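Visitor: When you get a sec, could you give me coordinates for this:
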Amino acid sequence: SSLEQLSVLAAAFDAMAGQVVGRSSGSGDRSFDEDAEFGSLVQSQGRRTPGKTPRAAKCESDQPGQVGRCYWLIAGFAAASLLWLFAFNFELLGPNQSMDDDIQRPAKALAGVGRVIDSLSGAKQEVATTKVMAMEMRSEVKRLLNVTLDVSGRLAAFVKNGTSSYGFETFESLKKEVDVLSSHGVRFEKEVDVAVADLARLHNVSQAASAIAEEVLADFRGSTQSSWANNKKVKLSRVAFVWYLTSYESQSIACAILIAARAIQDMHPRPTAEFVVVHTLGSVPMKPKFDKCNIRLIKVPEPSARGQHQWVSSFLKLRIAELFDYDRVVYFDVDTYPLGNMDYLFDLADFPVEIAAPRAYWLKQPFVQSGGPMVVDPRNNFFDKHFKGVLDGRGGRWGGYASEMDWVNEAFRDSIVMLPGFNALLVGEWCNTDGIYRYWQKYFDKSSSWVMEHASLVHFIAEWKPWKITNKAALNRKCPGAQLGLLAVFEKWWNAEAAFCNK
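Guide: Below is the predicted model:
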């Protein structure tokens with residue numbers, strides 16, 4: 001069975017790690033002085049020493065005898081992940097569970113398998129990177145070996161053909177030292193060959209483990225989909241978190257999307273959730289970063305309707321209604337930053353929801369805000385009934401709306417599903433000069449930190465953009481008497497920007 005195969009692979013990881021460590025630890029017996037001489041000779045040739053290549057990663061080691069230890073960490077981590085999967089996730093599928101447990105617990109196991117696959121993928125990448133490093137080291141050793149052999153030959157010829165005794169003993173001694181270094185180079189080359197072979201074997205094992213974990217995940221998808229469909233409590237579907245991108249401040253906006261997407265990914269959403277950006281650009285800024293984060297980029301036509309002022313392109317977000325590849329999407333404006341897990345929005349209802357959005361609690365009611373999270377179920381009948389005209393109809397402004405939010409409230413005033421306003425927390429919550437200062441603190445009778453801890457996201461509306469207010473001093477000028485929560489949420493965003501956009 002798949003579980004038995006995973007058990008065998010877990011044992012194989014441990015055995016492989018033991019072989020690598022045992023072999024490498026038994027061969028690293030060069031003395032410190034010899035290492036120094038070897039390094040000195042290489043430096044005198046204007047070359048770099050083995051183990052100090054520019055591409056050396058976390059598994060870098062100055063001594064070949066330690067090469068295997070980093071591979072043990074990779075193998076051990078993957079084995080531990082698999083064992084965790086046996087001990088926790090599969091245990092959840094016992095035959096004595098209630099019907100509700102049968103529905104909910106496979107979901108946890110499904111997420112667990114997804115995390116194991118991510119771990120194995122990371123292990124494969126580490127192995128592949130280190131394998132390249134080891135092969136570069138082998139090439140360098142061969143080159144250095146040829147240098148030492150050439151020097152040794154030249155010295156031998158000089159000693160044999162020398163007509164003067166001046167310096168003869170010095171050259172003869174140097175020849176012997178080079179011969180010793182040459183023998184060390186031969187042995188080191190063999191050690192690197194063994195390490196490369198071990199890496200290849202580990203790479204194959206990790207690929208096999210990942211493939212089997214994928215099979216287990218597919219099995220879970222099939223069994224849980226059947227279980228959930230029979231009980232009609234949970235729908236396993238293709239879902240996505242979505243943003244939009246235009247030419248307006250495209251570099252800053254692209255960075256903001258990356259920050260938000262990574263924040264959601266760090267909260268471990270369901271494995272079936274995807275990340276999508278609809279855009280109108282010929283070239284997307286920082287595209288390699290989007291690819292690395294597994295964010296799907298979908299180019300779409302410009303909408304016919306246009307807003308006013310800074311919202312001139314805001315109708316583009318309504319293109320999410322024609323993402324027919326997905327059963328449900330959750331949209332965010334780029335000036336929102338996730339603070340909590342929002343997976344629950346995909347389970348909003350077990351029937352199609354045309355559109356759902358939070359109450360715009362700072363405006364006269366009833367009124368929703370469409371800046372996120374906004375939930376839409378892309379369906380042809382919904383699109384043709386409401387969205388097609390505004391997106392693909394006549395040009396110019398659509399009835400004089402300032403933005404798509406005004407249109408959404410008019411078009412869906414009798415049918416929209418209104419989410420709690422707390423889902424759309426405004427950053428002014430912590431600014432004493434803002435009109436909605438401490439709105440939710442008063443509403444819940446809770447502290448500033450409680451609001452921060454329980455909010456799904458924060459919205460940097462209007463002039464609060466964190467890519468324009470870029471430091472503590474500027475924030476203090478914007479709101480001199482702010483609560484500490486204001487600085488805390490800006491620092492979250494600034495730190496993410498430094499980590500994901502500025503590298």
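
Visitor: Which parts of this protein are strands?
Guide: 239-245, 273-279, 295-299, 328-331, 336-338, 356-358, 374-376, 417-419, 425-426, 457-459 (DSSP state E).

Visitor: Low-confidence regions, the chain specifically.
Guide: Within the chain, the segments meeting pLDDT under 70 span 1-131, 158-175, 178, 182, 189, 199-236, 394-399.

Visitor: so which of the strands of the chain comes closest to residue 156?
Guide: For the strands of the chain, the distance to residue 156 is smallest for strand 295-299, at 62.2 Å, taking C-beta to C-beta. C-beta here means a position set from N, CA and C on the backbone, and glycine is covered the same way.

Visitor: What are the contacting residues of that closest one?
Guide: 240, 257-258, 261, 274-281, 284, 287, 290, 323 (C-beta atoms under 8 Å, 6 or more residues apart in numbering).

Visitor: ok, the residues you listed vs residue 143, which is closest?
Guide: The closest of the contacts of strand 295-299, once distances to residue 143 are taken by C-beta to C-beta, is residue 287, at 37.1 Å.

Visitor: Tell me the spacing between the closest one and residue 501.
Guide: Applying C-beta to C-beta, to the nearest Å, the value for residue 287 to residue 501 is 13 Å.

Visitor: quick one, which of those two is more surrounded?
Guide: residue 501 (18 against 13; other C-beta atoms under 10 Å).

Visitor: any idea how far that one is from residue 331?
Guide: In terms of C-beta to C-beta, residue 501 sits 22 Å off from residue 331.

Visitor: thinking again about what came up before, between the strands of the chain, which one is closest to residue 140.
Guide: Short answer: strand 295-299, nearest of the strands of the chain by C-beta to C-beta, at 37.8 Å.

Visitor: who's in contact with the nearest residue to residue 434 once chain neighbours are set aside?
Guide: Closest residue in space to residue 434, ignoring its immediate chain neighbours: residue 428 at 3.1 Å, by C-beta to C-beta, 6 or more residues apart in numbering. Residues in contact with residue 428, defined by C-beta under 8 Å, 6+ apart, are 434-437, 461, 464.

Visitor: Pick the one among these closest to residue 471.
Guide: Closest to residue 471 out of those is residue 464 (14.2 Å), distances taken as C-beta to C-beta.

Visitor: OK, contacts around the closest residue in space to the closest one that isn't next to it in sequence?
Guide: Ranked by C-beta to C-beta, 6+ apart and with sequence neighbours excluded, the top spatial neighbour of residue 464 is residue 427, at 4.9 Å. Residues counted as contacts of residue 427 (C-beta under 8 Å, 6+ apart) are 458-461, 464, 486, 489.

Visitor: Please spell out the PyMOL selection for the buried subset of these.
Guide: Here is the PyMOL command that picks out the buried ones among the contacts of residue 427, judged by 16 or more other C-beta atoms under 10 Å:
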select buried, resi 458+459+460+461+464+486+489
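
Visitor: and which of the contacts of residue 427 is nearest residue 306?
Guide: Distances from residue 306 to the contacts of residue 427, taken by C-beta to C-beta, are shortest for residue 461, at 20.5 Å.

Visitor: The closest one reaches residue 369, doesn't it?
Guide: No: between residue 461 and residue 369 there is no contact under C-beta atoms under 8 Å: 9.1 Å.

Visitor: Near the nearest residue to residue 372 once chain neighbours are set aside, how many other residues are there?
Guide: Excluding its sequence neighbours, the residue lying closest to residue 372 (C-beta to C-beta, 6+ apart) is residue 332, at 3.5 Å. Residue 332: 25 surrounding residues under other C-beta under 10 Å.

Visitor: Next, the contact list for residue 332, please.
Guide: Per C-beta under 8 Å, 6+ apart, neighbours of residue 332: 241-243, 260, 338, 371-374, 457.

Visitor: on that earlier part again, among the strands of the chain, which comes closest to residue 388?
Guide: Between residue 388 and these, the shortest gap by C-beta to C-beta is with strand 374-376, which sits at 14.0 Å.

Visitor: what sits up against the closest one?
Guide: 317, 320-321, 328-332, 345, 348, 353-357, 417, 419.

Visitor: So among the contacts of strand 295-299, which ones count as buried?
Guide: 240, 257-258, 261, 274-280, 284, 290, 323.

Visitor: and the residues you listed as JSON lines, adding distance to residue 191?
Guide: As requested, the buried ones among the contacts of strand 295-299 are arranged in JSON lines below (distance: C-beta to C-beta, whole Å):
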{"residue": "240", "distance to residue 191": "49"}
{"residue": "257", "distance to residue 191": "47"}
{"residue": "258", "distance to residue 191": "42"}
{"residue": "261", "distance to residue 191": "43"}
{"residue": "274", "distance to residue 191": "45"}
{"residue": "275", "distance to residue 191": "43"}
{"residue": "276", "distance to residue 191": "48"}
{"residue": "277", "distance to residue 191": "47"}
{"residue": "278", "distance to residue 191": "53"}
{"residue": "279", "distance to residue 191": "51"}
{"residue": "280", "distance to residue 191": "55"}
{"residue": "284", "distance to residue 191": "45"}
{"residue": "290", "distance to residue 191": "41"}
{"residue": "323", "distance to residue 191": "54"}
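
Visitor: For residue 381, state which of those residues is nearest.
Guide: residue 323 (15.0 Å).

Visitor: distance of residue 468 from residue 326?
Guide: For residue 468, the distance to residue 326 - C-beta to C-beta - is 32 Å.

Visitor: ok, the two, which is more surrounded?
Guide: residue 326 (18 against 12).

Visitor: Can you name the residues that contact that one?
Guide: By C-beta under 8 Å, 6+ apart, the neighbours of residue 326 are 237-240, 274, 276, 378.

Visitor: Over to residue 412?
Guide: Contacts of residue 412 (C-beta under 8 Å, 6+ apart): 354-355, 386.

Visitor: quick one: which of those has the most company?
Guide: Most surrounded of the contacts of residue 412: other C-beta under 10 Å gives residue 355, at 23 neighbours.

Visitor: That one contacts residue 417, doesn't it?
Guide: Yes: Residue 355 is within contact range of residue 417, at 7.1 Å (criterion: C-beta under 8 Å).
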